[in-house]
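In: fold the following, please.
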Amino acid sequence: MTPMASSSAPRPLTVGFDLDMTLIDSRPGIHAAYRALSAETGVRIDADLAVTRLGPPLEQELALWFPHERVQEMADRYREIYPGHAIGPTPAMPGAREAISAVQELGGRAIVVTAKHEPNAKLHLAHLGIAPDEVIGWLWAEAKAEALLEHGAAVYVGDHIGDVRGARLAGALSVAVPTGPCDAGELSEAGADVVLEDLTAFPAWLRDYSADPAGAEPAAGRADLA
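Out: Numbering: from 1, shown residues only. Next up, the predicted model:
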C-alpha cells in the first residue's frame, strides 16, 4: 500500500518587505502629492520636511498641518489625488526587483507589508514592474506582525525602526536597510538582526541564509497577538 503524502510539509520560505524607502524611493511622489494637497486646500505643508520622516501612517503627518477634525478628510483626499501625482515620479530603490526575484528564484514567496494605502501600493509596484506574490497594506509597526504571522514570514525587510518592531513581534528575522529615515545605528539599537547597506546586498545574504537559517536566529521569540 502506498503511504499517504504527509499533510505537514514545510511551508515555502516567505520573506516580507516594507514598501516606502525599502522597495521604492517614494520621496518624489509623496512630495508632489503633498504640494498638490497644499495648493488645493490653501494650507501650508512643508513637503521637504515631510518626506524626511516617511514610515508612520499618513494621518500622523497630516495632523501636524491640519486641525484634528480635518485629518481624516484630508487623508482621504490625499489618497484620492495620490495616483495622479505620485506614481510616475517614484523610482524603485536599487536592488528592489532583484531582492523580490531572489526570494522567488529560491522557490519562496515574497510579500509586501506596508502602512501605505493598499491600492496605491499596488499601483506603485505594477508601474515599476515589481511583482511580489502578495501585497498587504494599511499596517504600521507592530500591526505588521499580524500579516507576517498570517503568511508565515520567516524574514521581514524594512528601513524603519517600526519595521524592526513588527518583525520582532512576529518572531521573524529583522533585516534592515538604512535607506530611509533611520540610520544603521538606530536600526541596530532597535533590535535588527541584520543590517545591510541596501537591497543590492540582499540576494547574496538570502542565499547564505537559505543555506543555513540557523546561522541567523531572530532576536525575539514569536509573540501571541491574540
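In: if I look at V195, how far off is D46?
Out: Distance of V195 to D46, computed by C-beta to C-beta, to the nearest Å: 30 Å. C-beta here means a position set from N, CA and C on the backbone, and glycine is covered the same way.
In: scratch that, V194 is what I was asking about
Out: Taking C-beta to C-beta, one finds V194 at 34 Å from D46.
In: who has more neighbours, these two?
Out: The neighbour comparison of V194 against D46 (other C-beta atoms under 10 Å) goes to V194, with 18 against 12.
In: my read is that that one contacts A172, right?
Out: No. With contacts counted by C-beta atoms under 8 Å, V194 stays clear of A172, the gap being 11.5 Å.
In: may I see the buried residues of stretch 144-154?
Out: K144, A145, E146, A147, L148, L149, H151, G152, A153, A154 (16 or more other C-beta atoms under 10 Å).
In: which one of the residues you listed is nearest to P89?
Out: The shortest approach to P89 among the buried residues of stretch 144-154 belongs to K144, at 26.0 Å (C-beta to C-beta).
In: residues contacting that closest one?
Out: G16, V113, A115, Y156, G162, D163, G166, A167, A170 (C-beta atoms under 8 Å, 6 or more residues apart in numbering).
In: tell me how many other residues surround the closest residue to the fifth one other than its chain neighbours.
Out: This points to G162. The spatially closest residue to G162, leaving aside those adjacent along the chain, is A141, at 3.6 Å (C-beta to C-beta, 6 or more residues apart in numbering). Neighbour count for A141, taken as other C-beta under 10 Å: 19.
In: pretty sure A141 sits against Y156.
Out: No. Under the criterion of C-beta under 8 Å, A141 is not in contact with Y156, lying 11.6 Å apart.
In: give me the common contacts of those two.
Out: D163, G166.
In: please report phi then psi for the nearest residue to L128 once chain neighbours are set aside.
Out: Using C-beta to C-beta, 6+ apart and skipping the chain neighbours, the partner closest in space to L128 is A92 (4.8 Å). With angles defined as degrees, to the nearest 10, A92 sits at phi -70, psi 150.
In: one more: V175?
Out: The phi and psi values for V175, taken as degrees, to the nearest 10, are phi -110, psi 120.
In: and if you look at the one 5 residues further on?
Out: With angles defined as degrees, to the nearest 10, G180 sits at phi -120, psi -140.
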